[in-house]
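Peer 1: Take this sequence and fold it.
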Amino acid sequence: MRPGPRNLITDVEGLHVGHAEDAGLKSGVSVVTAEAPFVASVAVMGGAPGTRETDLLAPDKSAPGVDALVLSGGSAFGLAAAQGVMDALHEAGRGFEVLSVRVPLVPAAILFDLLNGGDKAWAENPYPWLGRKALAAAGANFGLGSVGAGCGAQTAMHKGGLGSASLVLEDGITVGALVAVNPLGSVTTPSGRHFWAAPHEMGGEFGALGVDPASGVALPQSRKSAAMAAQGNTTIAVVATDAALDKAQCHRVAVAAHDGIARAIVPAHTPMDGDLVFSAATARRALEAPALQLAQIGHAASICLARAIARAVWEATPAPGDTLPTLRAELRL
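Peer 2: Presented below is the predicted three-dimensional model:
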């Protein structure tokens, strides 16, 4: 396996990603979309999720595909970002056809970033506008770090962020991940100088800091405030492939991809995290050996997600009013 040409989720043919953020708000939105509806499912393993329209992604539900997936900051306020995306898609004539009308299907997930030092005293919910802006910016190339849904994200010890990574399998199938990293746990080992995801790094994509030479099972410390540690968390992600998967197969990939969260964040899937992974398939490549290839896609999705989590923290940048340092600033890199 090797990274795709961009090392982004948009190496999956047909997908586009757009971000929008507000520096004063210290929050933002990321949107994954495509030229046509795509198959999607979801797996939730955190204890405190915030979602919109995820029920329709279950394999037994009738919706054949979705028009976009939304990752947003803002806690429950951020779910309104999906409405902005839905309205813009409707204006463009997109959506699930029901007789004479079209209804865009836009599942969403949110993370809690309300206590990160940003100005949250808005008079009108800003997230519908941010959703529209993110959709309008969607394309093959996009930024990482303190952008989009990762703009105000935090980990236990450092600023979080928005990350992405990809892999091309031996059979030519492409897999990618996009993630907003805001966990209760730490992305770095107790020393604070190495990533848990280090064994999976490719080409120095998150600093080539190497594997922590120290051994042990002690949990990392946390710099998050008591309020943030109690409720201000969640890692939300999209994994995608150009393979032709149905909703049940997409669900299995989403489940497998959660291993990437566990590889990259300690602890993961806590009662205070809303850890969630969407899985998407653009159906550009047929499966010749479905059982074997599905297992390989799920494994690749987990590796991409672990790498994307580390990239999110590595690419984070400092901003006025931050309550946590970036990893690079602390390492003086």
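
Peer 1: and for stretch 284-293, what are the contacting residues?
Peer 2: Residues outside stretch 284-293 that contact it (CB atoms under 8 Å, 6 or more residues apart in numbering): E13, G14, D171, G172, I173, D242, A243, A244, L245, Q249, L294. Quick note: C-beta positions are derived from backbone N, CA and C, even for glycine.

Peer 1: From those residues, which land in helices?
Peer 2: Among these, DSSP state H puts Q249, L294 in helices.

Peer 1: Would you reformat the contacts of stretch 284-293 as JSON lines and include neighbour count?
Peer 2: Formatted as JSON lines, these follow (neighbours: other CB atoms under 10 Å):
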{"residue": "E13", "neighbour count": "13"}
{"residue": "G14", "neighbour count": "17"}
{"residue": "D171", "neighbour count": "14"}
{"residue": "G172", "neighbour count": "9"}
{"residue": "I173", "neighbour count": "20"}
{"residue": "D242", "neighbour count": "23"}
{"residue": "A243", "neighbour count": "27"}
{"residue": "A244", "neighbour count": "16"}
{"residue": "L245", "neighbour count": "28"}
{"residue": "Q249", "neighbour count": "23"}
{"residue": "L294", "neighbour count": "20"}
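
Peer 1: Quick check: buried residues in whichever strand in the chain runs longest?
Peer 2: Ordering each strand of the chain by length in residues (DSSP state E) puts strand 27-44 first. For strand 27-44, burial by neighbour count (16 or more other CB atoms under 10 Å) applies to 27-34, 37-44.

Peer 1: Ok, stretch 312-322 next?
Peer 2: A312, V313, W314, E315, A316, A319, D322.

Peer 1: pLDDT value on V39, please?
Peer 2: pLDDT recorded at V39 is 97.

Peer 1: check which helix or strand covers the closest residue to it other than its chain neighbours.
Peer 2: Take V39 and drop its neighbours on the chain: the residue closest to it by CB to CB, 6 or more residues apart in numbering is A281, 4.6 Å away. Using DSSP states H and E, the element containing A281 is strand 276-285.

Peer 1: mind listing what the residue nearest to V39 touches?
Peer 2: The neighbours of A281, taking CB under 8 Å, 6+ apart as the test, are F38, V39, A40, A240, T241, D242, A243, A244, L245, Q249, C250, V253.

Peer 1: can you do 6 Å?
Peer 2: V39, T241, A243, L245, C250 (CB atoms under 6 Å, 6 or more residues apart in numbering).

Peer 1: All set, thanks.
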